[in-house]
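Student: Coordinates for the following, if possible.
(chains A and B)
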Amino acid sequence: MNLKPETLAEIEAAIPKYPDPRSAVMPLLHAIQKDQGLLTNEAAEWVAKKLGIEPINVLSVITFYPFFRQHKIGKRHIRVCRTLSCAMAGGAKVCDTMLKEFETELNEVSPDGEVTVEFAECLASCGSAPVMLVDEELHENLDVAKAKALCEKIKAEAKA
Amino acid sequence: MAIHPKEQRLILKYADEEGYTPKIDSYMAHGGYDMLKKAVTMEPQSIIDEVKKSGLRGRGGAGFPCGVKWSFVDRKSGKPIYLICNCDESEPGTFKDRQIVHKDPHQLIEGMMISCFANNVAKAFIYIREEMPHGARILDEAILEAKEKGFVGDNVCGSGYSCDIVVHRGAAAYICGEETGLIESLEGKRANPRIKPPYFPAVLGLYNCPTIVNNVETLCNAVHILQMGAEGFAKIGRPNNTGTRIWCVSGGVQRPGYYEVADVTLGELVNDICGGPLPGRKIKAIIPGGSSMKILKNGERYKGKNPDGSEYDWGLEDIPLDYDGIAAAGSMSGSGGMMVLDDSVSIPAALANLMAFYSHESCGQCTPCREGSLWLKKITSRMVHGQARKEDVDLMLSVADQIAGRTICAFGFAVAWPVQSYIAKFEEEFREYAEQLSDPNADRERIKELACNG
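Tutor: Purely as a prediction, here's the structure:
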């Protein structure tokens, strides 16, 4: 696997933090997913070898946790909270706006390859609902107008 | 964010002060780490005794006394003792960890280090949910700062005591908030909760070693207990409900947000502090402590006897906002995440939303939970899409009854309680849906939007 030097450094630093190397599975998967964009079977085998465990042990972790993925997504990852507080505050409308603006469907890569819009379960910011994560950045107190503005910003950043 | 006069802040005292930052200099300028310096000069057992005497109850959900939890730790096994800060607060409606981690991370680190010293812990973990990636970075930086100043790592405050803290990022699985599920996850596995007994974390926790799992807010309180003394701390709040609590309020109120209070009623929080319902709306129901808690219906009366023998007769607004008050009204204060449902909210739609959540988050280990939660999602989903069947209400109750108490962990209750309580309190509304006789003026689009489950 062709990992960036900084990813390899992150991996080497993570393992000794734990009394048992197997505990480093999730930090390693986070690092590889950030580097590669997704977690392939090759990645699972690589991590298993690195930690001295079986590939199935790694695959079982990848498939259990919602924020690990085995599929490609767009360049930007948009996750709109769908749980009750956000739903009461108009989260569905915000999500629809994002889909419409990028002419895409839920959970798919937009035709221009720029974004993937997904629903996420509770993002722990219910007091400023509705909210969404764009990559690692939280956007709060959204409405249709703010969602549209955010889409424009993302599109402008894609062109830049 | 302005502090309301009815708030009584300990943990969030400085968090929203102008100019206060998550940096160590800011924390130390406000007396930060003084209590850790004091702690390392004390006998560890005396710290545990102070926490016990303070009456501090865990702020994660179950409300178990913290000092008692610590006293269960097996100290004779010869194995290392671990402490895990549970920062995987995923209960919909709750967002207090975010405030503490983002605004005052050093308070958490100091609280953890005091707790680690008291319990002879040499390695501690903060398990933080991946929905807060920025929070994980803040904690990493804060730990580095604390190490540089000698508050974390080798020879803490020159005392000879050493302890390291590792930040471990989850990957968005709700069940990691359950302490044994969290332990499994930290061991690098699926977060399938363990059977208790024998796997009580105090005896067989992380790597089968004695382990303490405490919530973020709970650990922060260790600083204040040392500062005020157990007796001073116990004076805040009501007996058996000592200290302040951070309540997170969302939904149909004018000022949603987080508020730290002691000894106020539910009405004072919702009406005075949060400004009451939105203009033109009425409160229909309140979920008091996070989405898995039993719902409280506006207009109901709650009657019973106080521990001293006197009787109470409360309306929704009179309920004392603490563990015992909310328990007396038939629900739980849980993690302190209060959701206010106003009269624009369809109860079956709200339930459909939550069933979509719980069926997504079931770890799948126990059949009643795995199959039952999905079944409930399907029933509530078809209900909000106008395809309910006459038998649906009874079927939902039957499924919920067969989940509750029949699973390894309390997640089964988290699925069943909303179903059971929503139907108990709003049966009419469900029956109308089931018979497809719901209000012809009902806003179908709004209902589907609330359910948010396709």
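
Student: where along chain B do the strands fall?
Tutor: B:81-87, B:121-128, B:164-169, B:211-215, B:237-238, B:241-242, B:245-251, B:257-261, B:283-287, B:296-297, B:302-305, B:311-314, B:337-342 (DSSP state E).

Student: Within its sheet, name the partner strands of the third one and how each one runs.
Tutor: Strands that pair with strand B:164-169, judged by DSSP bridges, come out as strand B:121-128 (parallel).

Student: Tell me which of the strands of chain B lies nearest to residue A:81.
Tutor: Set against residue A:81 and scored by C-beta to C-beta, the strands of chain B come closest in strand B:245-251, at 11.1 Å. C-beta here means a position set from N, CA and C on the backbone, and glycine is covered the same way.

Student: and the angle for the closest one with strand B:257-261?
Tutor: Inter-element angle recorded for strand B:245-251 and strand B:257-261: 150 degrees (by axes from the mean of the first three to the mean of the last three C-alpha atoms, to 10 degrees).

Student: ok, residue A:41 - how many residues close by?
Tutor: Applying other C-beta atoms under 10 Å in any protein chain shown, we find 12 residues neighbouring residue A:41.

Student: so what's it up against?
Tutor: A:55, A:59 (C-beta atoms under 8 Å, 6 or more residues apart in numbering or on different chains).

Student: Tell me how far it lies from residue B:433.
Tutor: 45 Å (C-beta to C-beta, to the nearest Å).

Student: same question, residue A:90
Tutor: For residue A:90, the distance to residue B:433 equals 22 Å [C-beta to C-beta].

Student: These two: which is more packed in?
Tutor: residue B:433 (26 against 20).

Student: gap between the more buried one and chain A?
Tutor: 17 Å (C-beta to the nearest C-beta, to the nearest Å).

Student: what residues are up against that residue?
Tutor: B:348, B:383-384, B:388, B:392.

Student: List the contacts of the residue with the largest distance to the centre of chain A.
Tutor: No residue in chain A sits farther from the centre than residue A:19, which is 28.0 Å out by C-alpha atoms, centre = their mean. With contact taken as C-beta under 8 Å, 6+ apart, residue A:19 is in contact with B:80, B:123, B:207.

Student: What of residue A:86?
Tutor: A:80, A:122-123, A:126, A:129-131.

Student: Would you convert these into TSV that also reports secondary structure and pLDDT?
Tutor: TSV is the format used below for those (DSSP: H, G, I helix; E, B strand; the rest coil; pLDDT from 0 to 100):
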residue	secondary structure	pLDDT
A:80	strand	97
A:122	coil	96
A:123	coil	96
A:126	helix	97
A:129	coil	97
A:130	coil	98
A:131	coil	98
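
Student: Report the central residue of chain B.
Tutor: Central residue of chain B (C-alpha atoms, centre = their mean): residue B:335, at 2.2 Å.

Student: could you check the distance from that residue over to chain A?
Tutor: From residue B:335 to chain A the distance is 11 Å (C-beta to the nearest C-beta).

Student: again with residue B:393
Tutor: Residue B:393 is 21 Å from chain A, where distance means C-beta to the nearest C-beta.

Student: What confidence value was assigned to that residue?
Tutor: pLDDT, residue B:393: 95.

Student: my read: it touches residue B:435, true?
Tutor: No: judged on C-beta atoms under 8 Å, residue B:393 makes no contact with residue B:435 at a distance of 9.4 Å.

Student: Who has more neighbours out of these two?
Tutor: residue B:393 (21 against 13).

Student: Break down the stretch 201-350 of chain B into its helices, ranges please.
Tutor: With helices called from DSSP state H, counting those that start in this stretch, the stretch 201-350 of chain B shows them at B:216-234, B:266-267, B:323-328, B:347-361.

Student: Could you tell me how many residues sit around residue B:260?
Tutor: 23.

Student: Show the contacting residues for the closest residue to residue B:391 other than its chain neighbours.
Tutor: Distance criterion C-beta to C-beta, 6 or more residues apart in numbering or on different chains; nearest residue to residue B:391, sequence neighbours excluded, is residue B:434 at 7.7 Å. Applying C-beta under 8 Å, 6+ apart, we find residue B:434 in contact with B:383, B:388-393.

Student: do that again at 10 Å, thanks
Tutor: Contact analysis of residue B:434 by C-beta atoms under 10 Å, 6 or more residues apart in numbering or on different chains lists B:348, B:379, B:383, B:388-396, B:427.

Student: Redo the residues you listed as TSV? Include distance to residue A:62.
Tutor: Formatted as TSV, these follow (distance: C-beta to C-beta, whole Å):
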residue	distance to residue A:62
B:348	35
B:379	31
B:383	34
B:388	37
B:389	38
B:390	43
B:391	40
B:392	36
B:393	39
B:394	40
B:395	35
B:396	34
B:427	43
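
Student: and those residues, which two are the farthest apart?
Tutor: So, the contacts of residue B:434 by C-beta to C-beta: farthest apart are B:389 and B:427, at 15.8 Å.

Student: about what we covered before: highest mean neighbour count out of the helices of the stretch 201-350 of chain B?
Tutor: helix B:347-361 (a mean of 27; mean count of other C-beta atoms under 10 Å in any protein chain shown).

Student: mean confidence for that one?
Tutor: Helix B:347-361 comes out at a mean pLDDT of 96.

Student: Also stretch B:138-151?
Tutor: 98.

Student: Quick check: buried residues in it?
Tutor: For stretch B:138-151, a neighbour-count test (16 or more other C-beta atoms under 10 Å in any protein chain shown) marks B:138-140, B:142-143, B:145-147, B:149-151 as buried.

Student: phi, psi of residue A:13?
Tutor: phi -80, psi -30 (degrees, to the nearest 10).

Student: OK, contacts around it?
Tutor: Contacts for residue A:13 (C-beta under 10 Å, 6+ apart) come out as A:24, A:27, A:31.

Student: Who are the packing partners of the helix ranked longest in chain A?
Tutor: The longest helix of chain A (DSSP state H) is helix A:144-159. Under the contact criterion of 3 or more C-beta pairs under 10 Å, 6 or more residues apart in numbering or on different chains; DSSP states H and E, helix A:144-159 touches strand A:76-81, helix A:91-101, strand A:115-120, strand A:132-134, strand A:137-139.

Student: Pipe the ones you listed into TSV and attach mean neighbour count per row.
Tutor: Formatted as TSV, the helices and strands packed on helix A:144-159 follow (neighbours: other C-beta atoms under 10 Å in any protein chain shown):
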stretch	mean neighbour count
strand A:76-81	24
helix A:91-101	21
strand A:115-120	23
strand A:132-134	23
strand A:137-139	16
